[in-house]
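*Asks:* Need coordinates for the below:
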Amino acid sequence: MPASFRNAVIPTSQRPASDLRFLRAFEACELTAENFRHREHVRLAYIYLRLYPLDVALESLRAGLLRLLTHFGAPASLYHETITRSWLLAVAHFMNAGAPTTDSEDFLANSAVLLDKEIMLTHYKRETLMSPSARAQFIEPDLEPIPSHPTRTEDC
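*Replies:* Numbering: from 1, shown residues only. Okay, here's the model as predicted:
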C-alpha cells in the first residue's frame, strides 16, 4: 500500500470509539480550557484527517476551534490560521510518513515529536508565526517547508 494511504480516511464502522468520543466532546464544547492544550489540538488534527480529506479537515477543525473559543468566552481573534493549518499539515506528514496507527493515542505515541510546540519554529521565524497577518490568514513557512503529500479525496 502506498505511503499516502497508510493512514487513509477510514469507514465509519472502523473508527475508534475513543477518538469518536473525544471528537464529540470537542464538537459539543464539553472540554475545559484546562484540558485542551497542544496535545489535544494534535489529537484532533489526527482525528479529523482520519475522517476527512485535508481541506474538509481544516474547515472542520477551524469551525470547532472558533466554537470552543466562543464557549470559553474568549475572543475569536485568538484563533490562529497559520498555526492551525501548519499543524494540520505536519500531522498529515507524520500520518503519511509513519507506520499505520490504530487511533489518535497510538499516533501520538509513535509521533511524539509533534508534542513539542516549538517544532513549528523549525519552519517559521518566530516573528513571522506570531505576526497579526499569520493569525488572520495562512502564511507559508519562511524557513523550511512542511512536507506535503497527495491529498486524499475518497474513503478507502
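*Asks:* center of the chain, which residue is that?
*Replies:* residue 45 (2.3 Å; Cα atoms, centre = their mean).
*Asks:* Identify the residues contacting that one.
*Replies:* 57, 61, 87, 88, 91, 92 (Cβ atoms under 8 Å, 6 or more residues apart in numbering). To be clear about C-beta, it is placed using only N, CA and C from the backbone, and glycine gets the same treatment.
*Asks:* With adjacent residues omitted, what lies nearest to it?
*Replies:* residue 91 (4.1 Å; Cβ to Cβ, 6 or more residues apart in numbering).
*Asks:* right, and that neighbour touches residue 44 too?
*Replies:* No - between residue 91 and residue 44 there is no contact under Cβ atoms under 8 Å: 9.2 Å.
*Asks:* what helices or strands is the helix of greatest length in the chain leaning on?
*Replies:* Scanning the chain for the helix with the most residues, using DSSP state H, yields helix 54-72. If contacts are counted by 3 or more Cβ pairs under 8 Å, 6 or more residues apart in numbering; DSSP states H and E, helix 54-72 sits against helix 17-27, helix 38-51, helix 81-97.
*Asks:* switch to 6 Å and redo it
*Replies:* Helix 54-72 is packed against helix 38-51, with contacts defined by 3 or more Cβ pairs under 6 Å, 6 or more residues apart in numbering; DSSP states H and E.
*Asks:* What residues sit buried inside the helix it packs on?
*Replies:* Across helix 38-51, burial judged by 16 or more other Cβ atoms under 10 Å covers 41, 42, 43, 44, 45, 46, 47, 48, 49, 50, 51.
*Asks:* same deal with stretch 51-60?
*Replies:* 51, 52, 53, 54, 57, 58, 60.
*Asks:* residues touching the last one, list them.
*Replies:* What that stands for is residue 60. residue 48 (Cβ atoms under 6 Å, 6 or more residues apart in numbering).
*Asks:* distance of it from residue 104?
*Replies:* According to Cβ to Cβ, to the nearest Å, residue 60 and residue 104 sit 15 Å apart.
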